[in-house]
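**Q** Sequence and predicted structure, then a few things I'm wondering about:
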Amino acid sequence: MCFSATASFCAGGVLAGVGVLALSKTRHPHERFFAAIPLLFAVQQCCEGWLWLVSMGPERSALEVYPTYLFLLFAQVLWPMWIPYALLAVEADKRRHGILLGLCVMGTELSFYLGSCLLIYGARADIIGHHIHYTCPFPPAWSLVSSLVYGVATVVPALISSVSRMWVLGTAIAASYVMTAIYYDFYTISVWCYFAAVLSVIVVWILVVMHRTVPVWQAPPVAVR
């Protein structure tokens, strides 16, 4: 998180509790990918808390590489493929299933690209004031394209999902990204991941609503007399 080690670990602890609650709300194995989102964000926030701790003294700076890369593996490699797949797993509408599958492929390809860039070009994290700035010297020619694809892979699946209230999650994630890009442009990766993590509480709400609402195509047929 962008403020301190304490804030990051506190956020991680709260999100872990939210994740356990989300998993307890599942009824089918295919829902666990979606319900696991808060737990994954919890681990990600703890990685950034670890980064704060090892960055406090110069004698510990050699350890910074581990939490830096772990955080970026979550932020840039995991989410573009996990989010569309998690929503694909809970999608019952066959008409939208194919679109979500295509977004899964798109997100997975982006994850492989960003993961390759991390290995080839490296990355570093610098604490500036009360924020963490991640420097990822990836090819600039592809930076805009990769950012657009990232947004499509992580936001659009929720907007087109037929699951009740899922559009709220997509809208909230998109709004948090826009706000971060406007007000925290230099710290986008860190700050946006924090806002997205906070939005994990919506996951529990969606799971509760999901089991209260029966989609039209899953409802039993009405007898014709």
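**A** Arrived safely, thanks for sending.
**Q** can you give me phi and psi for the spatially closest residue to F195 that is not a sequence neighbour?
**A** Leaving aside its chain neighbours, F195 sits nearest to S176 (3.7 Å; criterion: C-beta to C-beta, 6 or more residues apart in numbering). The way it works is simple: take the backbone N, C-alpha and C, and place the C-beta from them, glycine included. Dihedral angles of S176 (phi, psi; degrees, to the nearest 10) stand at phi -70, psi -40.
**Q** Any idea which helix or strand in this protein has the lowest mean pLDDT?
**A** Ranked by mean pLDDT, DSSP states H and E, the helix or strand of the chain with the weakest confidence is helix 188-198, at a mean of 66.
**Q** Next, the buried residues of the helix or strand following it.
**A** The first helix or strand that comes after helix 188-198 along the chain, using DSSP states H and E, is helix 201-210. By neighbour count on 16 or more other C-beta atoms under 10 Å, the buried set for helix 201-210 is 202-204, 206-207, 210.
**Q** Could you say which helix or strand holds V43?
**A** Taking DSSP H and E as the criterion, the element that holds V43 is helix 37-54.
**Q** Tell me the helix or strand right after that helix.
**A** Downstream of helix 37-54, the next assigned helix or strand under DSSP H and E is helix 65-72.
**Q** tell me which element the residue most central in space within the chain is part of?
**A** The centre of the chain sits closest to W79, judged by C-alpha atoms, centre = their mean, with a distance of 4.6 Å. Per DSSP H and E: W79 is located in helix 79-89.
**Q** got a list of contacts for that helix?
**A** 30-31, 33-34, 36-37, 40, 97, 100-101, 103-104, 106-108, 110-111, 114, 149-150, 153-154, 157-158, 161, 163, 166 (C-beta atoms under 8 Å, 6 or more residues apart in numbering).
**Q** again, but for stretch 9-19
**A** 1, 35-46, 49, 194, 197-198, 200-201, 203-204.
**Q** if we go to 10 Å?
**A** 1, 3-4, 22, 35-50, 52-53, 194, 197-198, 200-204 (C-beta atoms under 10 Å, 6 or more residues apart in numbering).
**Q** Are any of these buried, and if so which?
**A** 1, 3, 22, 35-50, 52-53, 194, 197-198, 200, 202-204.
**Q** Below-threshold pLDDT in the protein: ranges please.
**A** Residue ranges of the chain with pLDDT under 70: 1-3, 56-62, 129-130, 181-194, 196-197, 213-225.
**Q** and if we set it to 80?
**A** In the predicted model, the chain carries pLDDT under 80 at residues 1-8, 55-63, 125-133, 177, 179-198, 211-225.
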